[in-house]
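Engineer: The following block contains a protein sequence and its predicted model.
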Amino acid sequence: MRADPGDYELVAPDSLQAVAALMARQPGQWYPIAGGTDVMVLYSAGKLTARKLVSIWNLPELRRIETRPEEVQIGAACTYSDLRNHETIVREFPMLASAASWTGGIANQNRGTLGGNIANASPAADSLPALLAYDAELILFSNRGERRIPYSEFHLGYKKHALAADELIRAICLPRRYGAYVSYCRKVGARNAQAISKVCIAGLGKVVNGTIEDVRIGLGSVAPIPLRLKETERALTSQKMGPALLDLARLTVAEQIRPIDDIRSTSKYRAGVAANLVAEFIEKLFAGTVRS
Ligand SMILES: Cc1cc2nc3c(=O)[nH]c(=O)nc-3n(C[C@H](O)[C@H](O)[C@H](O)COP(=O)(O)OP(=O)(O)OC[C@H]3O[C@@H](n4cnc5c(N)ncnc54)[C@H](O)[C@@H]3O)c2cc1C
């Protein structure tokens, strides 16, 4: 450990309202900690600059998964294990359940939360492409009240996001309208478990009479933020399968992504894999095979 616990203060209020009141009194002073799987890595490396931590782990208001007629609301502090074991998530949002199953190891899945994955804002985070494809919305909470924003508007740049200094993510809302779609997701990493993605994808689509009626694609690790491939989606919509379509899709992917070289991979490899994954998704979409 390169950090001294004596330098830090940790409080654990027993309600969401009490957390929000604390953050409202000193905006930007109190740093939320949920499962701590990202925060404690920073702490042990001596890189956690925030000195006042407010725990939101186990607050009942953040640990519920509510199934409503039109959407499922996932409390921000639900863990990957909560998601993997929830019947509706597994059945209707298989890409999120899969991403949860390949995030870290079991210990990490018992602690790491979906809200933490979103707020930590790594472009390589595994759950985030699925949230883009499923058209997730976020409920943000503060002493001033609640506001709801599309998840696609949350990330503003590398590790920058739309949360105000006194705000928390309270819930992630998933519309229940994609149950009949073909879904496809993959993580390409050095290993199947305990590896950060080199590239990850979540694709949803619907083919009617041999033509793509609707398609939605999220990609991770190819840009400063998780990316929705809007241009590729536009190019694919209303098209029939054929080699020209795959070539067009590959071209649009190359135009939208901005992969980097880092210790895990190269920009060239990432670009090649991203195009291959999108092409594989389109093939599976027309074949009607689900991979999630
Ligand atoms: C060994 C290991 C393996 C991992 N493997 C993977 C992997 O394969 N894929 C992957 O995507 N990630 C992986 N991670 C990263 C991590 O587990 C996830 O990002 C996790 O979801 C973070 O959730 P948490 O609750 O632990 O967040 P914390 O560490 O508690 O917090 C992370 C950040 O989010 C903020 N935050 C947390 N909750 C909220 C909230 N409700 N509202 C506002 N801000 C909030 C915190 O202030 C902090 O900035 C791994 C981490 C470790 C240590």
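Structural biologist: That came through fine.

Engineer: Got the phi and psi for the residue in the stretch 51-200 of the chain positioned nearest to the ligand?
Structural biologist: The minimum distance from the stretch 51-200 of the chain to the ligand, using Cβ to the nearest ligand atom, falls at residue 116 (2.2 Å). Backbone N, C-alpha and C define where each C-beta goes, glycine included. With angles defined as degrees, to the nearest 10, residue 116 sits at phi -70, psi -40.

Engineer: ok, the closest residue to it other than its chain neighbours - contacts?
Structural biologist: Nearest residue to residue 116 in three dimensions, chain neighbours excluded: residue 34, at 4.5 Å (Cβ to Cβ, 6 or more residues apart in numbering). Contact analysis of residue 34 by Cβ atoms under 8 Å, 6 or more residues apart in numbering lists 55, 56, 57, 62, 76, 77, 113, 115, 116.

Engineer: One more pass at 7 Å, please.
Structural biologist: By Cβ atoms under 7 Å, 6 or more residues apart in numbering, the contact set of residue 34 is 56, 57, 77, 113, 115, 116.

Engineer: In those residues, find the pair that's most separated.
Structural biologist: 57 and 115 (10.7 Å; Cβ to Cβ).

Engineer: could you pull out the strands for the stretch 1-150 of the chain?
Structural biologist: For the stretch 1-150 of the chain, applying DSSP state E, counting those that start in this stretch gives strands covering 9-11, 30-33, 52-55, 65-67, 71-75, 137-142, 145-150.

Engineer: Adding mean neighbour count, write these out as CSV.
Structural biologist: Formatted as CSV, the strands of the stretch 1-150 of the chain follow (neighbours: other Cβ atoms under 10 Å):
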stretch, mean neighbour count
strand 9-11, 12
strand 30-33, 20
strand 52-55, 18
strand 65-67, 14
strand 71-75, 21
strand 137-142, 21
strand 145-150, 11
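
Engineer: Now distance to residue 20 and mean pLDDT too, for those strands, in JSON lines please.
Structural biologist: Converted to JSON lines, these look like this (distance: least, Cβ to Cβ, whole Å; pLDDT from 0 to 100):
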{"stretch": "strand 9-11", "distance to residue 20": "13", "mean pLDDT": "97"}
{"stretch": "strand 30-33", "distance to residue 20": "10", "mean pLDDT": "98"}
{"stretch": "strand 52-55", "distance to residue 20": "10", "mean pLDDT": "98"}
{"stretch": "strand 65-67", "distance to residue 20": "20", "mean pLDDT": "98"}
{"stretch": "strand 71-75", "distance to residue 20": "15", "mean pLDDT": "98"}
{"stretch": "strand 137-142", "distance to residue 20": "5", "mean pLDDT": "98"}
{"stretch": "strand 145-150", "distance to residue 20": "10", "mean pLDDT": "98"}
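
Engineer: Thanks a lot, catch you later.
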